[in-house]
Each structure stands twice: as C-alpha cells, then as structure tokens.
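Enquirer: structural data only, the sequence is not supplied:
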C-alpha cells in the first residue's frame, strides 16, 4: 500500500508541475518556441489537429479527440475492470473493517495488511482508477494551450463557434455537462452498494465542466463533448450497467434456487427421522 501511495504521490506531483507550468504560459506557440512543454507538446498537438482538420480546425479537434480516446481505450478498459473488481470486494472489505474496528495503531496495521492481502489475492490495484485521470490531465491541458496559443486554432471557426472563445449559445458546455453526468451515472449504476462520494461526483463533475465550459475556449468544450460522448458509448459497450445488474440478479436467483433445492432435499429426511 505504501508503495502504491508513493507512486501515486509522485505521479500527482509530476502532473501538478506540468499543469502549473502550462497555466503560467500565455505567449504564442510556433516552430521557434522553446521549452519541452511549448515546443514538443503544445506545438505538436496543434500540428496534429491541423493535419486532421481538412480545412476546418473543428473537424481536427473532433478527429484528434477520437484518436486520443481510441489510444486510451485499453487503459480505460483496464480501469473499468479494476474498478469492477474493487466493487465486488466491497462486502469483504467491510467485513475486515468490522473485524478490525479498533483504532489503535496495531489493529489498523493488521487491517491494512489484510486489505492488501485481499487485493493481491484478487489481483486488484485500488489505485488503478486514478491512472487514466493522471494521463488525461496533461492531454487536456495541452489541448487547451494549443487552442488558445496557436494562432491558426485560436482564430479557427466551426459552425457558429470561434474556437478560441467561449460558446456564445452555451450549447457545447451544456452538452458536455450532460454527457459527463451520463458517463458518471452509468458507472455508478454498476456499483454493488450506494456510495455517497460517487453520488456527489455524479453532480459535482457535470457542474464543474459546465462552469469551465462557459468561460474557456469553445474548442475545449468541443473536446469534452466528443470525449464524454465516447465515454458513454464505451461504458455501454464494455461495462454495461444494465447487463451487469442482470448478471448479478441471475446469480442471486441461482443461489436462491440452489438453497431452496437443498432445503427440499433435506426436508424428507427430517420427516423420516420423526
């Protein structure tokens, strides 16, 4: 557990450094720009979008987003499987917490050891769910910087949008918030037990996306709409909560049928003994 915490902390610090360095930069980015972030990340992100634009940078952002999501698909699928395994372990984890409920340091150390043992036996990494977020944050920041600091993208037009300015009709921020809610809600449906923190996230994330979408470049909102719509489709395809619920209900019914059959098989024996 300590090893995973250190790795997560290091990854978080690296991401924070990248994000802070990106936020502090406002100048134009071009082939003469210097620095790893500007010259090799933001610049080439912009070049990739322009190469996919076919005369319209909005199309470039859409295609670029789809390519990024397809590249990240194995990672997201891994996250989905890991989260589902973690959810399946919740009853056993709660049982351990009840067994080692004492708050003294020795008991808590035993609890952590037993939890780690349970994770290892079931091949579950409790921190795997954070990995896609750590990967996507620099991508999101680089895309925003590309749209806001590269002249060809900053002044680009798509439908009614000036990609470097907020959406004047608020259509994209609202769509981005709706798709974000749909994505988080579908994910929460597959949980075995109600999770208060997940319920908060179901509403907090869409609100955050909406507020940022109203104030940031519409090109970024376009990315959110396509990315979160893709996430909804991915969830329905790879982690369909309706299918998962049906499988759990069928398994629960199978167990109940087995128990009733066992009780019926034992009943005649009891009568003969009388």
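Expert: Right, received. Where do you want to start? In this text, all values refer to a predicted model and were calculated from it rather than measured experimentally.
Enquirer: next, count neighbours for residue 32.
Expert: Residues lying near residue 32 (other CB atoms under 10 Å) number 9. The way it works is simple: take the backbone N, C-alpha and C, and place the C-beta from them, glycine included.
Enquirer: and the gap between it and residue 145?
Expert: 16 Å (CB to CB, to the nearest Å).
Enquirer: can you check residue 137 too?
Expert: Distance of residue 137 to residue 145, given as CB to CB: 13 Å.
Enquirer: the two: who's more crowded?
Expert: residue 145 (22 against 16).
Enquirer: tell me the pLDDT at the more buried one?
Expert: Each residue has a pLDDT score; the one for residue 145 is 83.
Enquirer: for the helix or strand containing it, buried residues please.
Expert: For residue 145, the host element (DSSP states H and E) is helix 131-149. Of the residues in helix 131-149, 131, 135-149 count as buried by neighbour count, 16 or more other CB atoms under 10 Å.
Enquirer: between those, which is nearest residue 79?
Expert: For those, the closest approach to residue 79 (CB to CB) belongs to residue 131, at 6.5 Å.
Enquirer: now residue 157. Nearest residue, chain neighbours left out?
Expert: residue 163 (7.1 Å; CB to CB, 6 or more residues apart in numbering).
Enquirer: contact partners for the one you found?
Expert: Shown in contact with residue 163 (CB atoms under 8 Å, 6 or more residues apart in numbering): 57-58, 61, 147, 153-157, 217-219, 222.
Enquirer: go through those residues and name the one nearest residue 202.
Expert: Closest to residue 202, out of all of those and judged by CB to CB, is residue 222, at 23.2 Å.
Enquirer: model confidence score at that closest one, please.
Expert: For residue 222, the model assigns a pLDDT of 91.
Enquirer: quick check: the residue nearest to it when sequence neighbours are not counted vs residue 67, distance?
Expert: Distance criterion CB to CB, 6+ apart; nearest residue to residue 222, sequence neighbours excluded, is residue 61 at 5.2 Å. Counting by CB to CB, the separation of residue 61 from residue 67 is 11 Å.
Enquirer: more crowded one of the two?
Expert: More neighbours surround residue 61 than the other of residue 61 and residue 67, with 28 against 12 (other CB under 10 Å).
Enquirer: next, the angle from the helix or strand hosting that one to helix 131-149.
Expert: Assigned by DSSP H and E, residue 61 belongs to helix 57-88. Comparing the axes of helix 57-88 and helix 131-149 via axes from the mean of the first three to the mean of the last three CA atoms, to 10 degrees yields an angle of 160 degrees.
Enquirer: now helix 57-88: average pLDDT?
Expert: 82.
Enquirer: quick one: name whatever helix or strand follows it.
Expert: By DSSP H and E, the next helix or strand past helix 57-88 is helix 90-99.
Enquirer: and that following helix, how far out from the chain middle?
Expert: In terms of CA atoms, centre = their mean, to the nearest Å, the centre of helix 90-99 is found 26 Å from the chain centre.
Enquirer: next, the buried residues of that helix.
Expert: 93, 96.
Enquirer: packing partners for the following helix or strand past it?
Expert: The element immediately downstream of helix 90-99 (helix or strand, assigned by DSSP H and E) is helix 105-121. Applying 3 or more CB pairs under 8 Å, 6 or more residues apart in numbering; DSSP states H and E, one finds that helix 105-121 contacts helix 90-99.
Enquirer: wasn't residue 55 part of a strand?
Expert: No - under DSSP: H, G, I helix; E, B strand; the rest coil, residue 55 sits outside any strand and is assigned coil.
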